Structure formats: C-alpha cells, structure tokens
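Participant: Here is my input, please return the structure:
(one chain, ligands or ions: 1)
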Amino acid sequence: MVGGKQRLVVVSNRLPATLKKDGDEWTVQGGAGGLVTALAPVLKNRGGVWIGWSGASDPSIDVDSLLADFSAKAGYELYTVPLTKEEVDGYYFGFSNEIIWPLFHDLQTRCRFHPRYWRMYLDVNFKFAEMVARSTTPDDYIWIQDYHLMHQAFFLKSMGVKRQTGFFLHIPFPPPDIFMKLPWRWKVIQALTEFDLVGFHTTQDRDNFAECLRRFQPDTEIEGSGAVVEVRSGNRQFRLGAFPISIDFNQFNGLAENEDVARKAFNIREALRHRKIILGVDRLDYTKGIPERIRSIQTLFRMFPDLRGRVNFVQIAVPSREEVDEYKELRTEIEQLVGRVNGEFSFPGWVPVHYHYKSFPHDELVAYYSAADIALVTPLRDGMNLVAKEYCAANVSQDGVLVLSEFAGAAAQLQEDAYLVNPYDMEGIAKDLNRAIHRDKAERKLHMTNLRDQIRKNNIYWWVDSFLQAGISKRLGDFPEMAT
Ligand code: ADQ
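Facilitator: Okay, the predicted model is just below:
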C-alpha cells in the first residue's frame, strides 16, 4: 500500500519501454501510446509496477540494467519476462496473432489453429504468472491487459497465489457462433471467469462474452443492468463491465492549437491546393479495411465525376507485423490499388490518392488530422479505434466530418454525430462521402462540437478511473454509471 492506496500492477505483453538496436548499442525508447500516457501518472502516484516482455530475445543483453534508468525516471518499477525466440513465435506470432486476433475480429478463415501455438501460449502465460506471483503482494491490484494474457488469473490461482485481478480486452469479443470455432473455447472462457473483473470496450462485446459463458455454464446469472454487472456462474462470482477506452483529449487538442503544428497543417492544405482532404490513418492491418476503403474512393470518383480534381484522399499507414507474410501481401495489394486508382483518374496537376507507408511523429500526425476535412475510418471490425477520437480532438476548427465504420467499437459512442457506414458497401460509402463533402458549415460544426464534447468528457483518464473503481470498490453501487 502507498499512502493508503492499493499499489497498481499492470501486466501486458510488451513493457511501456522498448529495446532497440542502434548500430552495436541497445537503446531504450519509451512508448507514447494512450495506455502508457494514462497509466504512467497513476503508477507513479500509487506506486506501481509494470510487468511485460522487453521486445528483445537475445539472451546476451542485460535487459534489467538497460531499463533501470527508464524506471528511475518514470517513477515506477519495470519487471521483464524474458522470452526466447521460440516462445515469441508460438505464443505471440502464433496463438495471439494467427488465432485470437483474426477470430475475435470475425475473420475465422484466417486462423491457423495449431495445437503447438496453444501449448506455447499456456507455457508463456505460466511464465508471466510466475513473475506476477514473485513481484507482487496480496495487497496489490493486478490489471492484466489484452488477449495475449487471458490465463493469468487461472495460473495464479492454480499456484495458490491470492490476488485481486482485473482483465481488459482491447479487441472485440465475438458472438458465440464465431467464438465456438476455437478448439480451446471452454478453457479460454473458464480462464476468463477466474478474474474478479473482466472489461470490454462495449456492452455488445460484454454481452457476447456472457452469451458464450451461458453455453458453457447454463446456470449463469447476471445481476444489474448498467455498464458493470455482477455474474454468478458455477462456483464463480465476478464482474463484467463495458469501459470504452479513449485518448488524452487535451493533448491532441493542445497540439493542434500549437503554432508549429497549425503551420504544418496549413502547409499540407497549401500543397494540396486547398482541395477537400479525406484522410485515412491506420496500422497496416487486414482488420482496418484499407483495400476496401481505396475501392470506395475509386467508386466515389466514378459515381461523382464532378469531384475529380476537387478532392484528395490521403492514406497514412504505419508499418505493423512486417515480418509476417500476410502483412507483406496486404502491403503489396494496397500499393497496387493506389496505383490503379491514380492510373484511372490522375491528370496534370492532380493525383487523387496520396499514400504514406511510415510511422509519423505525433505533431505531424496531428497536423494531418487538423488539415483534413473528412476522416474516413472504416475498419472491418475494431475493438474501439482511437484514430476516430484523435481526429475529433485535433479538429480545433470544429468543421470536420467523421465517417465511421459501424463495426468499430467507437460507433457505439459516436453514432449520433458521425456518418456510420458499412465498410464493405463501396457505393454506400461513396454516397456518404459525397454528402459529407457538401454538408454545410453550421451542420458540420454542430456534429463536431458534440463529438468533441463526448471525447473530452469520456477521456482516457476517465477510462482508467472507471475500470479501477469497478475493480476495487466493494459494492456495485459504489461507482458512477458509465456512458457506453
Ligand atoms: P490498434 O489496432 O493499434 O489498437 P487504434 O485504436 O486505431 O488501433 O490505434 C492506432 C494508434 O496508432 C493510434 O493511436 C494512431 O495515432 C497510431 N497511428 C496510426 N497510424 C500512424 C502513423 N502512420 N504514424 C504514427 N501513429 C500512427 C488496439 C485495438 C483498437 C483499440 C486500441 C486501444 O485494435 O480497437 O482502440 O487497441 O484499446
């Protein structure tokens, strides 16, 4: 306990700091994602620990001494779970990325259900749980992040280690018809029931899980009707909740107001001769629907020829899982599609699609967000999708339009003020884009103001507080109702 508060222990596949090789030297880089930004102050205030893998599998590296400096500056402790290359292959690339990732995004035909992956997933989860057991006390609150580590509570209990545990799933939870394809379905469901709190982005994900649990355990009873409910199932009693993750609104808003960033945004608009800008920003992943999106842009220019020369589509894709063949093929497919659309429509002085395959520094990304008239966010399926929220937070002129996939978790919160589209419906998207381009200023402002208010209020700090309150408070009524 620190200052009477329970110490927080965060456990995730990767630590918030990554080891990178720079020539012959190893350097440490801090993670800049929303989760790290939100949890860092909480870990520092309460006293905290972050447990995870460093990203390096070279046994000759002294990871702990490399991370010591980072840990001292951050004000919380880091514990590394060392993983061999074979473990990373089976547990991370195999079970996590070739089974759970596609299956939970409704893409079961992409799954490779190798039993070897499952066994390695269990071995690595056991290894993580041993580290959690060793480096924590019964007074700590243990918060496990994401689908790589669903067996933490199960293994802690099997070792006889009593801890208060919460789990948050960052990706969707599929409906029973899809989840049932998993060969180890009951073992995964049962493992999840061992946590004291299981959190999802949306009530839909939470209800999908409850439905799967009922098939496994028909005597399951659910009490409560808010975002967090109490479950009795077999001999287990635990909580389920919907906690839509968010962003640091003020950080994105503040950056967009910064003079340098505003100049960068102006330069982007100048370079594109003040044509309307439609923007896509994603990790290059098959769940994000990038090829389908480029085809909808092609459809837009075919259906509405008057828009040729007046609109640009800018797609920014950050490299991801580059060593995996499927991702290499996706990259090639996208590049060919961009070439095809540009080949079909370009004329001197206008190239319709601008494509960037790289990670952008934060300020440049925000400049693109704030320069864009429309954000086109069309994942085939997404747990939440932070890009949709980042775009609105950076839209300080408050006259942008969000076109959002109905299959992104963010749609549950933002549906009133975004154009909701089916990412597979190219003509539907083209029509909505045409409407968005012609929407009058007052209407754009009204909807963008509502979107920004929602994201400002339900920001990442609210998300952390909501989860911890639901995890730590004794009675259901002890925490406020949450908007989902
Ligand atoms: P992701 O699948 O990574 O996250 P998302 O929520 O959109 O998806 O976050 C992507 C992040 O990458 C954003 O913060 C964005 O700014 C950044 N990014 C994208 N392209 C970039 C570029 N070219 N340069 C720099 N940064 C770039 C998973 C789930 C989501 C869920 C989050 C959080 O798949 O559904 O919202 O976790 O729980």
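
Participant: so what's Val314 bridging to?
Facilitator: Taking DSSP bridges, one obtains Leu279, His354 as the residues bridged to Val314.

Participant: Next, find the distance separating it from Ala367.
Facilitator: 11 Å (CB to CB, to the nearest Å). Bear in mind the C-beta positions are built from the backbone N, C-alpha and C, glycine included.

Participant: Which of the two has more residues huddled nearby?
Facilitator: More crowded of Val314 and Ala367, by other CB atoms under 10 Å: Ala367, with 26 against 19.

Participant: Determine the three-state secondary structure at the more buried one.
Facilitator: Secondary structure, DSSP: H, G, I helix; E, B strand; the rest coil: Ala367 is helix.

Participant: per-residue confidence for it?
Facilitator: Ala367 carries a pLDDT score of 98 in this model.

Participant: Going by secondary structure, the closest residue to it other than its chain neighbours is in what exactly?
Facilitator: In this structure, Ala367 finds its nearest non-sequential neighbour in Lys264, 3.6 Å apart by CB to CB, 6 or more residues apart in numbering. Using DSSP states H and E, Lys264 sits in helix 259-271.

Participant: Would you mark the buried spots in that helix?
Facilitator: Counting neighbours by 16 or more other CB atoms under 10 Å, one finds that the buried residues in helix 259-271 are 261-262, 264-265, 268-269.

Participant: neighbouring contacts of it?
Facilitator: 255-256, 277, 363-364, 366-368, 370-371 (CB atoms under 8 Å, 6 or more residues apart in numbering).

Participant: Of those residues, which is the most crowded?
Facilitator: That'd be Val366 among the contacts of helix 259-271, by other CB under 10 Å, with 28 neighbours.

Participant: That residue: what's it in contact with?
Facilitator: 252, 255-256, 261, 390, 394.

Participant: out of the residues you listed, which are inside helices?
Facilitator: 252, 255-256, 261, 390, 394 (DSSP state H).

Participant: can you tell me which residues contact the nearest residue to Phe407 once chain neighbours are set aside?
Facilitator: Nearest non-adjacent residue to Phe407, counting by CB to CB, 6+ apart: Arg381, 4.8 Å away. With contacts defined as CB under 8 Å, 6+ apart, Arg381 is in contact with 105-107, 172, 287, 407-408.

Participant: cool, and Ile178?
Facilitator: Contacts of Ile178 by CB under 8 Å, 6+ apart are 103, 106, 108.

Participant: if I pick the last one, what's in contact with it?
Facilitator: The neighbours of Gln108, taking CB under 8 Å, 6+ apart as the test, are 102, 178, 181.

Participant: Now render the ones in helices among the contacts of Val366 as JSON lines, adding pLDDT and distance to Gly23.
Facilitator: Shown next, in JSON lines, are the ones in helices among the contacts of Val366 (pLDDT from 0 to 100; distance: CB to CB, whole Å):
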{"residue": "Phe252", "pLDDT": "96", "distance to Gly23": "34"}
{"residue": "Leu255", "pLDDT": "97", "distance to Gly23": "32"}
{"residue": "Ala256", "pLDDT": "98", "distance to Gly23": "36"}
{"residue": "Val261", "pLDDT": "98", "distance to Gly23": "32"}
{"residue": "Glu390", "pLDDT": "97", "distance to Gly23": "33"}
{"residue": "Ala394", "pLDDT": "98", "distance to Gly23": "35"}
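
Participant: Among these, give me the pair with the biggest separation.
Facilitator: For these, the maximum inter-member distance is 13.2 Å, found between Val261 and Glu390 (CB to CB).

Participant: Can you give me the neighbour number for the residue of the stretch 201-350 of the chain found nearest the ligand?
Facilitator: Using CB to the nearest ligand atom, the closest approach of the stretch 201-350 of the chain to the ligand is made by Val318 at 3.5 Å. By the criterion of other CB under 10 Å, Val318 has 15 neighbours.

Participant: Roughly how far does the residue nearest to Phe407 sit from Asp177?
Facilitator: 14 Å.

Participant: Check Glu335 too.
Facilitator: 35 Å.

Participant: and the closest residue to the ligand within the stretch 51-200 of the chain, what does it touch?
Facilitator: Taking CB to the nearest ligand atom as the measure, the stretch 51-200 of the chain has His170 as its residue closest to the ligand, at 3.6 Å. Taking CB under 8 Å, 6+ apart, we find His170 in contact with 145-147, 201, 245, 383-384.
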